[in-house]
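# Fold the following for me, if possible:
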Amino acid sequence: MLRLAKMHLHGQGCDRNLPMAQEWLRKARYMGIFATLEEIWAGEPEELEELRAAAMARAAKRKAAAAANASAAGAVAGVGAARIS
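A predicted model of the protein is given here:
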């Protein structure tokens, strides 16, 4: 599991994917193998921070888009209810 986390963290044989690397670390922890991203990271510490910041920005963007979609769906549902009454 740690090898899979490291592969996703470094993009070895797959796309670089920090959330997937974290998921494999969670699975390893569940099985009793404890490690952090810092322990399996082979690059410079600044690169890991940049990777984390980019992943957080993507997650915030997805969350904002989901909130906008939910808001638009609520507005459409309200319009339909007004027509029925």
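
# which outside residues touch stretch 30-40?
1-2, 5-6, 9, 18, 21-22, 25, 28-29, 45, 48 (Cβ atoms under 8 Å, 6 or more residues apart in numbering). Every C-beta, even on glycine, is put in place using the N, C-alpha and C of the backbone.

# mind redoing it with 6 Å?
L2, K6 (Cβ atoms under 6 Å, 6 or more residues apart in numbering).

# Show me which parts of that stretch are buried, residue by residue.
For stretch 30-40, the buried set under the neighbour-count rule, 16 or more other Cβ atoms under 10 Å, comprises L37, I40.

# what do you get for stretch 43-55?
L48, L51, A55.

# ok, so of those residues, who is nearest K63?
Comparing those against K63 with Cβ to Cβ places A55 closest, at 12.6 Å.

# Would you tell me what helix or strand the closest one is located in?
helix 45-84 (DSSP states H and E).

# Tell me the gap between that helix and the middle of its chain.
13 Å (Cα atoms, centre = their mean, to the nearest Å).

# Report the rounded mean pLDDT for it.
Across helix 45-84, pLDDT averages out at 78.

# returning to what we had before: can I get the buried residues of stretch 43-55 in a markdown table with distance to A64?
A markdown table is the format used below for these (distance: Cβ to Cβ, whole Å):
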| residue | distance to A64 |
| --- | --- |
| L48 | 25 |
| L51 | 21 |
| A55 | 15 |
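
# W24 versus the closest residue to P19 other than its chain neighbours, what's the distance?
Nearest residue to P19 in three dimensions, chain neighbours excluded: A55, at 6.1 Å (Cβ to Cβ, 6 or more residues apart in numbering). Going from A55 to W24 by Cβ to Cβ, to the nearest Å gives 14 Å.
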